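Visitor: below are the sequence and a predicted model; questions follow.
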Amino acid sequence: MVAKRNSQAWAEAKKRCKLNETDLQMAKELGMTAKSLIKNIPMPNQLWKAPVKVWIRDLYEEKFNRVITFKPALSEELKIKPKKQEKLIVSDHWVDEEDLPF
């Protein structure tokens, strides 16, 4: 039951903080909780405060001297080979500019 609640909390933090799986992994390695991430979302009047995504990456880089890079998997659309392009229809007769109505 606790694991389910914990996974729901992380899913909510991912959604509200606009994080990806790599950012969540870095936050967990830093020992953060989902609640702490949500609490650190900057308010509109807190212009000095970095977004949670940037904040996590800065802390992770400071502690481990590296950043985990995110390599998104190719979607199904990109894996499918592009369709053949249709051939252009070429007209045999020539249109004279003087014959045009405008």
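Guide: All right, it came through fine.

Visitor: from now on I want contacts and neighbour counts done on CA atoms only, so please keep to that.
Guide: Will do.

Visitor: quick one: low-confidence ranges for this structure?
Guide: Scanning the chain with the threshold set as pLDDT under 70 gives 70-102.

Visitor: tell me where it has helices.
Guide: For the chain, the helices defined by DSSP state H occupy 2-17, 21-29, 34-39, 52-64, 76-79.

Visitor: turn these into TSV, including mean neighbour count.
Guide: Shown next, in TSV, are the helices of the chain (neighbours: other C-alpha atoms under 10 Å):
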stretch	mean neighbour count
helix 2-17	14
helix 21-29	16
helix 34-39	16
helix 52-64	16
helix 76-79	8
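
Visitor: rebuild these as a markdown table, extending it with distance to N45.
Guide: Shown next, in a markdown table, are the helices of the chain (distance: least, C-alpha to C-alpha, whole Å):
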| stretch | distance to N45 |
| --- | --- |
| helix 2-17 | 17 |
| helix 21-29 | 25 |
| helix 34-39 | 15 |
| helix 52-64 | 15 |
| helix 76-79 | 40 |
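
Visitor: how about A27, nearest residue that isn't a chain neighbour?
Guide: Nearest non-adjacent residue to A27, counting by C-alpha to C-alpha, 6 or more residues apart in numbering: I56, 6.2 Å away.

Visitor: right, and that neighbour touches M26 too?
Guide: Yes. Applying C-alpha atoms under 8 Å, one finds I56 in contact with M26, separated by 7.0 Å.

Visitor: now the closest residue to P42 other than its chain neighbours: how far from I41?
Guide: Spatially, and ignoring its direct neighbours in sequence, P42 is nearest to K49 (5.9 Å; C-alpha to C-alpha, 6+ apart). Using C-alpha to C-alpha, to the nearest Å, we find K49 at a distance of 9 Å from I41.

Visitor: compare the two (neighbour count), which wins?
Guide: I41 (18 against 14; other C-alpha atoms under 10 Å).

Visitor: for the nearest residue to the more buried one once chain neighbours are set aside, give me its contacts.
Guide: Spatial nearest neighbour of I41, chain neighbours left out: V52 (6.0 Å); criterion: C-alpha to C-alpha, 6+ apart. Counting by C-alpha atoms under 8 Å, 6 or more residues apart in numbering, V52 makes contact with C17, L37, N40, I41, P42.
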